[in-house]
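Enquirer: Here is a sequence with its predicted model. Questions after.
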Amino acid sequence: MIKILKNLNPYKWVVLAVVLLVFGQSMAELFLPTLMADIIDNGVVKGDIPYIWRIGGWMLLVSAIGAVAAVFASFYSSQAAMGLGRDLRQKVFKHVSQFSLQEFDEVGTASLITRTTNDITQVQQVVIMMLRMVISAPIMLVGGVIMAVSKDAQLSLVIIGAMPVLAIAILLILKYGMPLFQEVQKRLDGLNLVVRENLTGIRVIRAFNREPEEKERLQKANRELADVSIKVNKVMAFLMPVMMLVMNMTVVAVIWFGGIRINNGAMQIGDLMAFIQYVMMIMFALVMASFMFVMVPRAAVSAKRINEVLEMKPAFADDGTAKADRARGTLEFEDVTFYYPGAEEPALSNISFTAKPGEITALIGGTGSGKSTLVNLVPRFYDVKSGTIRVNGVDIREASQQEIRSKIGFVPQKSVLFTGTIADNIRFGKQDATQAEMEHAASIAQATEFIDQIKGGYAAEIEQGGSNLSGGQKQRLSIARALIRKPDLYIFDDSFSALDFKTDAKLRRALKDETRNATVLLVAQRVSTVVDADRIIVLEKGKMVGMGTHEELLKSNEVYREIALSQLSEEEIA
Ligand SMILES: Nc1ncnc2c1ncn2[C@@H]1O[C@H](COP(=O)(O)OP(=O)(O)OP(=O)(O)O)[C@@H](O)[C@H]1O
């Protein structure tokens, strides 16, 4: 929590203003009962009307000062807390954007979302409260005690008797409530996960008529969150009544003993009334403090979760400074082995090959054989366990990730588009591309045909995730997005799978010219897509079990022949 509070540094002057204002407000509140006692004892009892007017005027002035201070304190404390929240969200988001995919896998996207939103809001709320209470509660407590003792020291013994009772009650409640707060945030993560999966997977859920089951899953997560929240609130619900009980009993005791003292002539009526108000203030200060004891640990749980993200170091540093321009367009894997975090078996082992400009290197293999893993290592989404990957003749760890990625045109397995127009999405690859460059990229990607037919053409809006386009259309746009960069290295991760055979063939023909001076790494499921590749790498369970041209592999490689035979007829192969 303290670490998080250090982020309040830019708002130190605002915080100081809050401190001063709250101090002023508390002082005004402490002063009022004394003025009231004065009015009663010297004005009302003696029937001195001008005195009542005069002191009444003072009371109004003091109240007004207190009110103005309270309003400004509230304004500035909100300003500081909101600013802190905004800065924290920015900081977390910026930090997360440096993560490799390994950290994303580790924390989980749903939890990262809760941590950047709900957890930060929790901290924000507590900071508002703390800014005001941390100062006012001690002032009211100490000031209240001093004033009460000054009014009647003997009667103050009642307060000393009440305090331990209140303290024990608060401690007991906190002991049961605290562990539950952590659970609430954890379950909120769980609920977010289910909601996210349900909303993004709505088509599949409906197609498989899984709505009732999914509804049940959501209800379960929702119920679990509600249950633990209710449990927390049940415990916390005791807090207020218990405190009110202790407070009222104390007031009753004060009136009882105060009455006796007034009877004996040891105390004045106005002083007793002021005394009661001071007792109330002391008790309220304790209530405020106990609320803080409740809220602060709760926010501390959130602060811990935020810190966990902020302290998480990216699995590898992005500190390379080399320029990736030693051997333009080459891609080299040298004895590369890779494990996913926590996996016992390597996802890739001892992969070596070299690809040169103008060449197409294809990767083929069964599902789960490691094809996507291999291409994901090139833009350094993950780091290799051993071995070296070189892009343009430079070890990708020696250059910055930005430098390496600027040389790559990456088309992922699952097309991801962003809200905006078709043009925005293609220009995502190169922001300053001209209209001509964009149209050229679209035409190579075989996207012109459908863009021309869409109402609005390049200016047509794409909905969230590209939901108003077909799978093949999305794929062609993500290909155009990569082509527009004119990179040294193209990576196509199974990027032609949603295209029909005719478009697939046309696109590959157009690509051949376009990529004449670049290296192409291509993952494919279809043998027909890879037949004219210069080099086909056959993967099985993360190992290279063959490398060569289509003809060479047909003759010499059993795994490849099996894949080919399962897709092409004997005549086509011959
Ligand atoms: N993020 C991840 N964390 C842990 N293991 C993973 C992760 N991604 C993939 N794997 C595992 O690595 C292996 C290779 O997966 P990969 O996605 O590279 O296969 P693929 O050949 O591309 O398959 P497909 O053709 O089905 O896309 C699989 O066993 C998979 O379970």
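Expert: Sure thing, it's come through.
Enquirer: alpha carbons only for contacts and neighbour counts from here, please
Expert: OK.
Enquirer: what residue is smack in the middle of this structure?
Expert: Thr116 (3.0 Å; CA atoms, centre = their mean).
Enquirer: Do you know the pLDDT at the closest residue to it other than its chain neighbours?
Expert: With sequence-adjacent residues excluded and distances taken as CA to CA, 6 or more residues apart in numbering, Thr116 is closest to Arg89, at 5.7 Å. If you check Arg89, the pLDDT there is 94.
Enquirer: number of nearby residues for Arg89?
Expert: The tally of other residues near Arg89 (other CA atoms under 10 Å) stands at 19.
Enquirer: buried residues in stretch 108-120?
Expert: Residues of stretch 108-120 classed as buried by neighbour count (16 or more other CA atoms under 10 Å): 109-112, 114-116, 119-120.
Enquirer: Could you pick out the longest helix of this structure?
Expert: helix 49-96 (DSSP state H).
Enquirer: picking up where we left off before, am I right that the residue nearest to Thr116 is in contact with Asp119?
Expert: No. Using CA atoms under 8 Å, Arg89 makes no contact with Asp119, being 9.9 Å away.
Enquirer: The ligand versus Tyr560, what's the distance?
Expert: For Tyr560, the distance to the ligand equals 14 Å [CA to the nearest ligand atom, to the nearest Å].
Enquirer: Then Glu29?
Expert: Distance, Glu29 to the ligand, using CA to the nearest ligand atom: 60 Å.
Enquirer: what's the neighbour count on the nearest residue to that residue once chain neighbours are set aside?
Expert: The shortest distance from Glu29 to any non-neighbouring residue, by CA to CA, 6+ apart, is to Gly66 (6.8 Å). Residues lying near Gly66 (other CA under 10 Å) number 21.
Enquirer: Next: the one 4 residues further on.
Expert: By the measure other CA under 10 Å, the count of residues near Ala70 is 20.
Enquirer: where's it relative to the ligand, distance?
Expert: In terms of CA to the nearest ligand atom, Ala70 sits 53 Å off from the ligand.
Enquirer: Enumerate every residue touching that residue.
Expert: Shown in contact with Ala70 (CA atoms under 8 Å, 6 or more residues apart in numbering): 21-22, 25.
Enquirer: circling back: where does confidence bottom out across the buried residues of stretch 108-120?
Expert: Ala110 (77).
Enquirer: Could you check which helix or strand contains that residue?
Expert: Element membership of Ala110 [criterion: DSSP states H and E] is helix 109-114.
Enquirer: Ok, Tyr278 next?
Expert: Short version, using DSSP H and E: Tyr278 is in helix 269-311.
Enquirer: swap in Gln219?
Expert: Going by DSSP H and E, Gln219 is part of helix 211-237.
Enquirer: how distant is that helix from the center of its chain?
Expert: Distance of helix 211-237 from the chain centroid (CA atoms, centre = their mean, to the nearest Å) equals 22 Å.
Enquirer: and it with helix 269-311, angle?
Expert: Taking axes from the mean of the first three to the mean of the last three CA atoms, to 10 degrees, one finds helix 211-237 and helix 269-311 inclined to each other by 140 degrees.
Enquirer: by how many degrees do the helix or strand following helix 211-237 and helix 269-311 diverge?
Expert: Of the helices and strands lying after helix 211-237 in sequence (DSSP H and E), the nearest is helix 239-263. For helix 239-263 against helix 269-311, the angle between stretch directions is 160 degrees (the same axes, to 10 degrees).
Enquirer: Can you find the helix or strand in the protein with the smallest mean pLDDT?
Expert: Within the chain, no helix or strand scores below helix 570-573, which has a mean of 59 by mean pLDDT, DSSP states H and E.
Enquirer: With Ile444 as the reference, measure out to the closest residue in space to Phe496 that isn't next to it in sequence.
Expert: Sequence neighbours aside, Asp504 is the residue nearest to Phe496 in space, at 6.2 Å (criterion: CA to CA, 6+ apart). Computed with CA to CA, to the nearest Å, the distance linking Asp504 and Ile444 is 11 Å.
Enquirer: Between these two, tell me which one has more neighbours.
Expert: Ile444 (23 against 18).
Enquirer: Quick check, pLDDT for the more buried one.
Expert: 91.
Enquirer: Okay, it and Met295: tell me how far apart.
Expert: On the measure of CA to CA, Ile444 and Met295 end up 59 Å apart.
Enquirer: Get me the contact residues on this protein for the ligand.
Expert: Residues of the chain lying close to the ligand by CA under 6 Å from any ligand atom are 340, 347, 367-373.
Enquirer: which of those sit farthest apart?
Expert: The span of the residues of the chain next to the ligand, defined through CA to CA, is set by Tyr340 and Thr367 at 16.6 Å.
Enquirer: of these two, who's got more company?
Expert: Using other CA under 10 Å as the criterion, Tyr340 and Thr367 rank with Tyr340 on top: 17 against 12.
Enquirer: Is it correct that the more buried one falls within a strand?
Expert: No. Secondary structure assignment (DSSP: H, G, I helix; E, B strand; the rest coil) places Tyr340 in coil, not in a strand.
Enquirer: which residues touch it?
Expert: Residues near Tyr340 by CA under 8 Å, 6+ apart: 346-347.
Enquirer: buried subset of the contacts of Ala70?
Expert: 21-22, 25.
Enquirer: taking these one by one, which sit in helices?
Expert: 21-22, 25.
Enquirer: So what's the residue count around Ile173?
Expert: Ile173: 18 neighbours (other CA under 10 Å).
Enquirer: ditto for the one 5 residues further on
Expert: A total of 19 residues lie near Met178 under the criterion other CA under 10 Å.
Enquirer: What is the neighbour count of Val204?
Expert: When neighbours are defined as other CA under 10 Å, Val204 has 12 of them.
Enquirer: buried sites along the strand or helix carrying it?
Expert: For Val204, the host element (DSSP H and E) is helix 202-207. Within helix 202-207, the residues scored as buried using 16+ other CA under 10 Å are Ile205.
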